[in-house]
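Student: The following block contains a protein sequence and its predicted model.
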Amino acid sequence: GNVLVHLLPPALTFSYDPWEIDHSNLVTIHPDFVEFQNLELVKGREKISISMFGDDSPELRLTDFSLGSLEQLFATDTVVGGTANADIRFHDPLGNLAVEGSLMIDNLLLYDFEAGRLDVSQFDYTKDTVDVTLALQGTKQDILVKGVWIAADSVSPLFAELKINSLNLSELNYLLEDYISDAKGDLTGDIIISGRASDPQVSGNQAFKEAGMGIDFLSNYFSLGTEAITIENNVYRFDGFKIRNKQNQSATINGSINLGDLSNAYSDLVVKTDNMVIMNSTRKENDILFGLLKAQAEVEAKGEMKNIRLNANVTIDKSTDVTFIFPDNLALDNNEGVVRYKKFDPSMRPDEDISKSTAFFSMESFRNVRSRIEVQSGARFNLFFDNSGDNFLDAALEGSINYRQVQDNTEISGMFQVEEGVLHYGIPMV
């Protein structure tokens, strides 16, 4: 038999608010289909209606529907907001379901991210095919996506086009607020994704327009200008890609990265820099490593990420003045009962707690490294061996070191000359 459902108007409450509904509303569940009659919910300008299209196809319509109502209904924090208008048809919902329709959301809000208008102008779904066209337009982005998935095509069931007319990088200031600042400029691009979902092929191009951002822990600003990246079958190519710091000194990237297998990406990159300021920070930006670091480098990275070969030649400029404070897990233990002759308290450093630790980069993934580091006369290094501030080395160095690691075998050679400085370390009394 059939099942009849009737919603009682006086008792109807949706998302904590009363909604009006026609007294003659009725939902009839037949063995083969579902039938809706006069099912329209209204609250002010908001409407939710389900009616019949043709013989057995329910049609859902949303008119000025506030997505905030879903938040109240499911008692969740603010995840999504906006005003939705939709027209969606469900063919054969109790059999071989097929869905078609359109959806538009104005003033779309995702958490605190203002996304603008989402326009899904076309959406078709069957058990064998998905076809969608959507656009996201706002004050900071203009993106168009067209895609189709055909299950019957075993070779290349997926084909999608992504056109980035404009994507403002200032959104990164919110998404990565702990790491960057003053991101600006735009990203544009045309991307085609094809193949199987488990092994997609990506081709196209991406370009920056007057782009740049500040890296907080380096306390330096880097500009990407109008540089571009080309993509061919998952290979991202850099051809003279320049990054400039705020002193207008540059690093140039040439080569490629193959992201076809994300679990084991392959790189073939060469990075060459001017004698450039990389870091010019205080302890406020990074409580472990800070100061002025100026260097010229040529770095080659080649091979699979899990076994990458890294060759580097670095010359540290004489103007460098860097402080490194050993984190708690690497600090030399403080000695009790020692005679202390002097305490290093440089005026350049503010009185702050230096006990907190900060995560920094690990070299464990580099098992094949060949490098030479040359330090020019006058470069200064300050090392605090623990967080007390009592045990330290403050020295101006000159010299070079060769570091080589192949698998688990490490070779270090070279010599540094201490031109002048102070070493203070507490020695236990005997």
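Tutor: Yep, it's here.
Student: Could you report the neighbour count for I231?
Tutor: Neighbourhood size, I231 [other C-beta atoms under 10 Å]: 21. Bear in mind the C-beta positions are built from the backbone N, C-alpha and C, glycine included.
Student: Does L118 touch M104 like I think?
Tutor: Yes: the criterion here is C-beta atoms under 8 Å, and L118 meets it with M104 at 7.0 Å.
Student: Give the partner strands of the one helix or strand R89 maps to in its sheet and their orientations.
Tutor: For R89, the host element (DSSP states H and E) is strand 80-91. Applying DSSP bridges, strand 80-91 is found paired with strand 57-66 (antiparallel), strand 98-110 (antiparallel).
Student: how far is the longest one from where the chain is centred?
Tutor: The gap between where strand 98-110 is centred and where its chain is centred comes out at 25 Å by C-alpha atoms, centre = their mean, to the nearest Å.
Student: Dump the helix or strand that I191 is a member of to CSV, keeping only the CA atoms.
Tutor: In this structure, I191 sits in strand 180-196 according to DSSP H and E. The C-alpha coordinates for strand 180-196 follow below in CSV (Å, rounded to 0.1, in the frame of the first residue of the first chain):
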residue,chain,number,x,y,z
ILE,A,180,52.8,35.1,6.1
SER,A,181,51.6,38.7,6.0
ASP,A,182,50.8,41.4,3.4
ALA,A,183,50.1,38.9,0.6
LYS,A,184,48.9,40.6,-2.5
GLY,A,185,48.5,40.3,-6.3
ASP,A,186,46.6,37.8,-8.3
LEU,A,187,47.0,34.3,-9.7
THR,A,188,45.5,33.4,-13.1
GLY,A,189,45.5,30.2,-15.0
ASP,A,190,44.0,27.7,-17.4
ILE,A,191,44.1,24.1,-16.2
ILE,A,192,42.9,20.9,-17.8
ILE,A,193,42.5,17.7,-15.7
SER,A,194,41.8,14.4,-17.5
GLY,A,195,42.3,10.7,-17.1
ARG,A,196,41.2,8.5,-14.2
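Student: Downstream of it, the next helix or strand is which one?
Tutor: Using DSSP H and E, the helix or strand that directly follows strand 180-196 along the chain is strand 199-215.
Student: and that following strand, what other elements does it pack with?
Tutor: Contacts defined by 3 or more C-beta pairs under 8 Å, 6 or more residues apart in numbering; DSSP states H and E place strand 199-215 against strand 158-168, strand 180-196, strand 220-225, strand 228-232.
Student: Spatially nearest residue to H91, not counting backbone neighbours?
Tutor: Leaving aside its sequence neighbours, H91 sits nearest to A98 (C-beta to C-beta, 6 or more residues apart in numbering; 4.2 Å).
Student: Of all the helices and strands packed on strand 199-215, which one comes closest to G240?
Tutor: Set against G240 and scored by C-beta to C-beta, those come closest in strand 228-232, at 9.8 Å.
Student: Which one of the helices and strands packed on strand 199-215 lies nearest to A297?
Tutor: Closest approach to A297 among the helices and strands packed on strand 199-215 (C-beta to C-beta): strand 220-225, 14.9 Å.
Student: For that closest one, name the packing helices and strands.
Tutor: Using 3+ C-beta pairs under 8 Å, 6+ apart as the test, strand 220-225 ends up in contact with strand 199-215, strand 235-245, strand 276-281.
Student: Would you tell me which one of the ones you listed is buried the most?
Tutor: For the helices and strands packed on strand 220-225, the largest average neighbour count (mean count of other C-beta atoms under 10 Å) is found in strand 276-281, namely a mean of 20.
Student: Provide the strand pairings for that one, with the direction of each partner.
Tutor: strand 289-304 (antiparallel).
Student: how big is the angle separating the strand it pairs with from strand 220-225?
Tutor: Going by axes from the mean of the first three to the mean of the last three C-alpha atoms, to 10 degrees, strand 289-304 is angled at 40 degrees with respect to strand 220-225.
Student: buried stuff in the helix or strand hosting V145?
Tutor: Taking DSSP H and E as the definition, one finds V145 inside strand 141-150. Judged by neighbour count (16 or more other C-beta atoms under 10 Å), strand 141-150 contains these buried residues: Q141, D142, I143, L144, V145, K146, V148, W149.
Student: Can you list the strands that it pairs with?
Tutor: As defined by DSSP bridges, the strand partners of strand 141-150 come to strand 129-137 (antiparallel), strand 158-168 (antiparallel).
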